[in-house]
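Novice: Provided below for reference: sequence and predicted model.
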Amino acid sequence: MTIDQAGRSRVAASEYAQYACLDELLQLQWPRTEAPAELSFIITTQVMELYFKLLHHEWVAACAKLDAGDVRGAIVDLRRGHGVQDALNASWEALRTLTPAEFDEFRDAFGAASGIQSELYRDLEQSLGVPYPSRPEVPSLEASAARLLERRGLAGGWREVYGHSADYPELIDLGEALFDAADRFTRWKQRHLLSVWRSMGSKQGSAGTSGADWLARGVHQKYLAELWDVRSEAWV
């Protein structure tokens, strides 16, 4: 059977759609109002959750490599995660032009739903050392890195590594890759706060929070705190 160019294109598109599950994916957006801006809000939220999933995948892989002593492999996973985080942070651009009036058109429709209820977000925070005693444990970058340093006899932790950086070049690379992940995570929270300020000011937030005031209290949190603390030392 001869297949013309259009036919070949349709076959290719069908295979692409099947591989990426596009029929299912593109049916997952269900705005609850007629507000034009609601679709961008839903899609951006879903995109962020997908990036959370991908970032968690990279961090779990990095933890496994750290536990196996494969520092270089863990750095590769962390740097791949940096790219995910950069894309995640850039996702806020899709909501940057959302005005208070546009947001108010659909805000009541999602009721008590809030990003703070994201299970994947909490997994990521736990991986960066934030305790959630009521949740199951997840692979932790902080814990895996600490165990690695302990196995290598570095009882002083990151302070000892950075204090003798010439002796531990690979561990310095690891420390900086971990720091870059923590830094990007904090910047995501800062972008979140800016987006809230822009779209709703200081109005009451959802899920019982105080909105921007609640977010503002956490934007300076230093994840993987020891890697921030070593920067206050005098190393020369």
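Specialist: Structure received.

Novice: what about the residue nearest in space to the middle of the chain, which helix or strand?
Specialist: Taking Cα atoms, centre = their mean, the centroid of the chain lies closest to residue 52, which sits 4.8 Å from it. Secondary-structure element containing residue 52, defined by DSSP states H and E: helix 38-67.

Novice: how far is that helix from where the chain is centred?
Specialist: Relative to the centre of its chain, helix 38-67 is centred 6 Å away, using Cα atoms, centre = their mean, to the nearest Å.

Novice: how about it: buried residues?
Specialist: Going by neighbour count (16 or more other Cβ atoms under 10 Å), the buried part of helix 38-67 is 38, 40-42, 44-45, 48, 51-52, 54-56, 58-63, 65-67. C-beta here means a position set from N, CA and C on the backbone, and glycine is covered the same way.

Novice: contacting residues for residue 135?
Specialist: Residue 135 sits next to 122, 126 when contact means Cβ atoms under 8 Å, 6 or more residues apart in numbering.

Novice: got the phi and psi for it?
Specialist: With angles defined as degrees, to the nearest 10, residue 135 sits at phi -110, psi 150.

Novice: how much space between it and residue 114?
Specialist: 17 Å (Cβ to Cβ, to the nearest Å).

Novice: show me the contacts for residue 95.
Specialist: By Cβ under 8 Å, 6+ apart, the neighbours of residue 95 are 40, 41, 44, 195, 199.

Novice: just checking, what packs against the longest helix that the chain contains?
Specialist: Ordering each helix of the chain by length in residues (DSSP state H) puts helix 169-200 first. Secondary-structure packing of helix 169-200 (3 or more Cβ pairs under 8 Å, 6 or more residues apart in numbering; DSSP states H and E): helix 71-90, helix 100-104, helix 141-151, helix 157-163, helix 212-216, helix 225-229.

Novice: right, and those - which one's nearest residue 32?
Specialist: helix 100-104 (13.8 Å; Cβ to Cβ).

Novice: centre of the chain to that closest one, how far?
Specialist: 26 Å.

Novice: okay, buried residues for it please.
Specialist: Under 16+ other Cβ under 10 Å, the buried positions of helix 100-104 are 102, 103.

Novice: could you check the angle helix 71-90 makes with the very next helix or strand once past it?
Specialist: Once the chain leaves helix 100-104, the next helix or strand it forms, by DSSP H and E, is helix 119-127. Counting by axes from the mean of the first three to the mean of the last three Cα atoms, to 10 degrees, helix 119-127 lies at 140 degrees to helix 71-90.

Novice: helix 119-127 vs helix 141-151, what angle?
Specialist: Using the same axes, to 10 degrees: helix 119-127 against helix 141-151 is 30 degrees.

Novice: quick one: contacts of helix 119-127?
Specialist: 49, 52-53, 55-56, 59, 63, 115, 132, 135, 137-142, 185, 223.

Novice: tally of neighbours for residue 130?
Specialist: 13 (other Cβ atoms under 10 Å).

Novice: the chain should start at 283 in everything you say after this.
Specialist: Got it, first residue is 283 now, which makes that one residue 412.

Novice: now it: how far from residue 467?
Specialist: 10 Å.

Novice: any residues in contact with both of the two?
Specialist: residue 505.

Novice: what mean pLDDT does the longest helix of the chain have?
Specialist: Helix 451-482 comes out with an average pLDDT of 95.

Novice: domain ranges for the chain?
Specialist: 283-312, 316-514 (automatic domain parsing).

Novice: excluding its backbone neighbours, what's nearest residue 315?
Specialist: residue 388 (4.3 Å; Cβ to Cβ, 6 or more residues apart in numbering).

Novice: what about the one you found, how many residues close to it?
Specialist: Counted with other Cβ under 10 Å, residues neighbouring residue 388 total 19.
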